[in-house]
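1. Below: sequence and its predicted model.
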Amino acid sequence: MKLKSLLLGSAIAALGTAAFAEDEYIIGVMSAQSGYLAPYDGPAYAGFKFCMDEKMANGGLNGSIPVRLIVKDTRSDIAYGVQVVQEMLDDGAQFIVSSADADPTIAAAQITAADMVPTMTFAGTAPVLTQVGPHVFGSYPGDNQQGAVLAGYARDQGFEKAWLLTSPDSAYTLGGPRYFGEVFETLGGEVVGESTFSLNQPDFSAIVTNIQNAETAPDVIVTWAWEPDFPAFIRALRGAGVETQVMGGDVLDTPTVRGLGDVVDGVVHTSGGYPEEGSAYAAFIDRFTEATGTTPDNNYYVNGCDIADMIEQAVAAAGTTDPAAVSAAMAEIEDGEATMSNFTFKGTDRMPLREVVVARITGDGEKEFVLRQMADPETLPKP
Amino acid sequence: MTGQSDTVLDVEALDVRYGPVRAVRGISFGVARGGITALLGANGAGKSSTLMAIAGVVPVASGRVSLFGKPTAKTTPDAIVRSGVGICPEGRRIFASLSVEENLIVAGTAVATPQVAATRREEMMERFPILGERRRQLAGLLSGGEQQMLAVARALMGAPKLLLMDEPSLGLAPQMVDTIFSIIEELQREGISILLVEQNAALALEVANHAVVMANGEIAGQGAPADLAGDTLLKSAYLAA
Amino acid sequence: MDQLLQQLINALSLGGIYAMLALGLAIVFSIVGLINFAHGDIMTFGGYGIFLSMVFGFPPIAALCIGLGAAVVMALAMERTAFRVMRGADVISLLITSFAVSEILKVLFQNGISARPVPISFPAAWSGSYQIGGMTIGVAPTASILVTIVSLGCLTFVLRRLAIGMAMRAAAEDFDMLRMLGVRANRVVAAAFAISGLLAGIAAVIWTAQRGSVDPMMGFFPVLKAFIATVLGGLGSLGGAVLGGFVVGTLEVLTQAFLPDALAPYRDAIVLSAVIAVLLVRPDGLLPARSGARS
């Protein structure tokens, strides 16, 4: 008698958990713990998890859907990342959050295309990444938006001759300055030269010398280079006595770059957001610091949180967790609310239209707010 | 036979193997203090392997080697040399890309203080005037006989009590050979004991006071040169006349 | 003309770094027969030495010296723990051992310090520039060239005039004979590693001064070029390594400076093709080592 009720009891419990598990929303996260993506994926995942935990404390997405996260390390290796995504899909992932760069996201998206599992990158900004399929989404304002806003600012400041420093080794480093150049010329400026570099190139002295000896001297140099190439370049540039204004992409918004001292004094770069006093962003920073003891020092934390909000709103709009429906719903969101800035997917090719901030680095390692603007869809360059 | 204090080198039942091949099979002999022992035999008899094992360059498979009364089991070649042994290996192996003087400097680094080494270098230049003349020349440019003299000079930099010489006459013109052998006799008169591996049996027997004849890794016979010279069977069978 | 001269200075500066790294590789290879793939990690360790000493408050000059010391210590430690045990093993085993050491060190750097680049801020004056006859020349490349020349000069002095240097040249020619002269082999090998570590440390100092950051892969890329330089110059040849380093550095800078934009993505391929072309004509390298049979 006791045995039977025990068996019956466990059977019901098992059914119960199975049923409970069916209501779970499984989200797979590609997060690089080492390699070049670690500085971006790390904070992004930290912010994402923080906000997800907040939602879970309130019962889950929209108050009712519990979330289970599968997190795997990709080691910043694209091939390994693909393997990781496959494993997560095999484990039932219904949404994939991919590493903070276009190339790994493109690779992952080709795997998720089969079942149209929505794939959103932590902070990849090269707009080509959404071209893989209608299930791929950016989360951060795209390079074309950033380049457009920066170009507008540059023209407003009176700059007329731009020199671009690009690298064909990644969609990000190639596209960013080129989008800038396109809008810069539309607004009446002139691109007087372009130098190319290879990622992790040992030496920038040759490029600097070329710029110094250019026939038409530029009054602004634009590059989307990241560490360790940007620090190497700016040191070589300033070391050669070239004082020309330098502008760059959102990847410069890190303490390492700000910590370079005098050489980065006055460097202007784009960014996804800025925590003004009293803003939701500032409140997020306080909450995060209090809970974890770490103070977010870049936008990747808050953007991770925004991704949690985006997923929640897409699931709410779709009314279901079915992958294809969630993708479709996400693509229709207009003026969705998020902490860093609001976002609109409707009418875009799934790189959200969000405000772009322009900031300036000071010689003592601080970041100054310059302006906040939405890119004009009219003059926005196509990917 | 010979008491402990009278032998500078004692080899007992020495075995040397290269993989499965037993190049030296359980041989025993010695070098008396102040004496010259000649190790003779045809090509491939195991003479060089014996010498290299004594020098510690090649491992001893079984048996015992004692230098100055102490066993040398597991001693590295450089430690053996520092204990008072000089080595002139087969082919001389002088450092061709270094000068004559540099060869001597290098030879002196581990076996003498810088001042003593400097003094000895000058002594070598006096003893072998040709080395003094060519002190700055690249050693690779010396003639065969000159290189042999350099090899001997190098081995003497540590004021060794025992000299191991492997085929010093190889490839030398007869006049040079005579010169080398008179140097060998000179060294003996100065009290240095010598183990002399030689293919030129006749010359070796002239200077040695003890001879060991090897064949196929074993000792075919050993004794005073006079005795061996009289043993025609031994001579024809094993000595390259 | 001015531009050509300025690019030549860049070429000498970069070439000098490659030359020193290549020389460190060649010294170890000529004596021990080891192609040390962990050489880049010695350089990276030197860089972290500079970083950590600045974090702990040491002034820049002291930090540089500590960085140099760190590189030497790492080289000696590597020899003592990983390579001495493998002495006498064949080339492949030694190669694999050095790969293993390199991987272990990379993981230690990533987890022990940081996977991301860490900033080093040297005094602003060190990144400055000065004028000569209308040309602007950077302080850092100038210092780099001077340091390279002094280092190579000192090393030449050691190898030519000091007994330990002669012993190293002798060891490169006939290691066993050196032992038969009573010289302690271990000390000669340790000296070779120490010198290669010092050269890597000097390269690390110049490198970080010009780049301002250290990351776990910092030494990997320049040492890769240094390998190419040693092969180009003749594996095992010290003079060849130096020459190869300057040639590779010059080719890199000149292709970066003067190659038309359309060919820019093929830059590395062009430099490497040039190296291959040289090797087709002279398979033993530009200045082959005397004891030829290596590769």
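-> Structure's in. What do you need? Note that this is a predicted model, so its numbers are computed, not measured.
2. Helices of the stretch 151-300 of chain A, start to end?
-> A:171-186, A:205-212, A:229-239, A:255-258, A:280-292, A:299-318 (DSSP state H, counting those that start in this stretch).
3. Reformat those as TSV; add mean pLDDT and distance to chain C.
-> Every C-beta, even on glycine, is put in place using the N, C-alpha and C of the backbone. Below are the helices of the stretch 151-300 of chain A laid out as TSV (pLDDT from 0 to 100; distance: least, Cβ to the nearest Cβ, whole Å):
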stretch	mean pLDDT	distance to chain C
helix A:171-186	92	10
helix A:205-212	87	4
helix A:229-239	88	4
helix A:255-258	84	5
helix A:280-292	93	18
helix A:299-318	93	12
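4. Can you lay out those helices as a markdown table showing distance to chain B and mean neighbour count?
-> What follows is these, written out as a markdown table (distance: least, Cβ to the nearest Cβ, whole Å; neighbours: other Cβ atoms under 10 Å in any protein chain shown):
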| stretch | distance to chain B | mean neighbour count |
| --- | --- | --- |
| helix A:171-186 | 49 | 23 |
| helix A:205-212 | 37 | 24 |
| helix A:229-239 | 40 | 25 |
| helix A:255-258 | 49 | 21 |
| helix A:280-292 | 59 | 15 |
| helix A:299-318 | 59 | 24 |
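5. Tell me which of those sits nearest to residue C:164.
-> helix A:205-212 (36.0 Å; Cβ to Cβ).
6. For the helices of the stretch 151-300 of chain A, please prepare JSON lines with the additional fields distance to residue C:102.
-> Formatted as JSON lines, the helices of the stretch 151-300 of chain A follow (distance: least, Cβ to Cβ, whole Å):
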{"stretch": "helix A:171-186", "distance to residue C:102": "27"}
{"stretch": "helix A:205-212", "distance to residue C:102": "28"}
{"stretch": "helix A:229-239", "distance to residue C:102": "23"}
{"stretch": "helix A:255-258", "distance to residue C:102": "25"}
{"stretch": "helix A:280-292", "distance to residue C:102": "35"}
{"stretch": "helix A:299-318", "distance to residue C:102": "30"}
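7. Relative to residue C:139, which of those is closest?
-> Closest among the helices of the stretch 151-300 of chain A, using Cβ to Cβ: helix A:229-239, at 6.8 Å.
8. and chain A, which residues reach chain C?
-> A:33-35, A:38-39, A:168, A:194, A:196-198, A:200, A:202-203, A:205-207, A:209-210, A:212-213, A:227-228, A:231-232, A:235-236, A:238-241, A:256, A:259-263 (Cβ under 8 Å from any Cβ of the partner chain).
9. For the longest helix seen in chain C, what is the distance to the chain centroid?
-> Longest helix in chain C, counting residues (DSSP state H): helix C:2-32. From the chain centre to the centre of helix C:2-32 is a distance of 8 Å (Cα atoms, centre = their mean, to the nearest Å).
10. wait, does that helix contact chain A?
-> Yes: residues of helix C:2-32 contacting chain A under Cβ under 8 Å from any Cβ: C:2, C:3, C:6, C:7, C:10, C:13, C:14, C:17.
11. Report pLDDT for the closest residue to chain B within chain C.
-> Closest to chain B within chain C is residue C:182: 3.6 Å, counting by Cβ to the nearest Cβ. We have a pLDDT of 93 for residue C:182.
12. Also residue B:163?
-> pLDDT, read off for residue B:163, is 96.
13. tell me the contacts of it?
-> B:85, B:86, B:87, B:88, B:155, B:156, B:187, B:192, B:193, B:194, B:195 (Cβ atoms under 8 Å, 6 or more residues apart in numbering or on different chains).
14. where's it relative to chain C, distance?
-> 12 Å (Cβ to the nearest Cβ, to the nearest Å).
15. neighbouring strands for the helix or strand containing that residue, and are they parallel or not?
-> Residue B:163 is part of strand B:162-166, with elements assigned from DSSP states H and E. With DSSP bridges as the test, strand B:162-166 is paired with strand B:85-88 (parallel), strand B:193-197 (parallel).
16. got the buried residues for stretch A:365-382?
-> A:365, A:367, A:370, A:372, A:373, A:374, A:375, A:380, A:381 (16 or more other Cβ atoms under 10 Å in any protein chain shown).
17. Please export the C-alpha coordinates of it as PDB.
-> Taking C-alpha atoms only, stretch A:365-382 is exported to PDB below (Å, rounded to 0.1, in the frame of the first residue of the first chain):
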ATOM      1  CA  GLY A 365      41.000  59.200 -18.100                       C
ATOM      2  CA  GLU A 366      37.400  60.500 -17.900                       C
ATOM      3  CA  LYS A 367      34.600  60.400 -20.400                       C
ATOM      4  CA  GLU A 368      32.800  63.600 -21.300                       C
ATOM      5  CA  PHE A 369      29.300  63.600 -22.800                       C
ATOM      6  CA  VAL A 370      29.100  65.400 -26.100                       C
ATOM      7  CA  LEU A 371      25.700  64.700 -27.700                       C
ATOM      8  CA  ARG A 372      23.000  62.100 -28.100                       C
ATOM      9  CA  GLN A 373      21.200  61.600 -31.400                       C
ATOM     10  CA  MET A 374      19.200  59.200 -33.500                       C
ATOM     11  CA  ALA A 375      20.700  58.500 -36.900                       C
ATOM     12  CA  ASP A 376      18.500  59.800 -39.700                       C
ATOM     13  CA  PRO A 377      17.100  56.900 -41.600                       C
ATOM     14  CA  GLU A 378      17.200  58.900 -44.800                       C
ATOM     15  CA  THR A 379      21.000  59.300 -44.900                       C
ATOM     16  CA  LEU A 380      21.700  56.000 -43.200                       C
ATOM     17  CA  PRO A 381      24.200  53.900 -45.300                       C
ATOM     18  CA  LYS A 382      23.100  50.500 -46.300                       C
END
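18. List the contacts of that stretch.
-> Residues contacting stretch A:365-382 (Cβ under 8 Å, 6+ apart): A:141, A:144-149, A:152-153, A:179, A:182-183, A:186-187, A:253, A:255, A:258-259, A:261, A:268, A:274, A:276, A:347, A:353-362.
19. for it, what is the average pLDDT?
-> Stretch A:365-382 comes out at a mean pLDDT of 85.
20. And for stretch C:55-69?
-> Here stretch C:55-69 scores 91 as its mean pLDDT.
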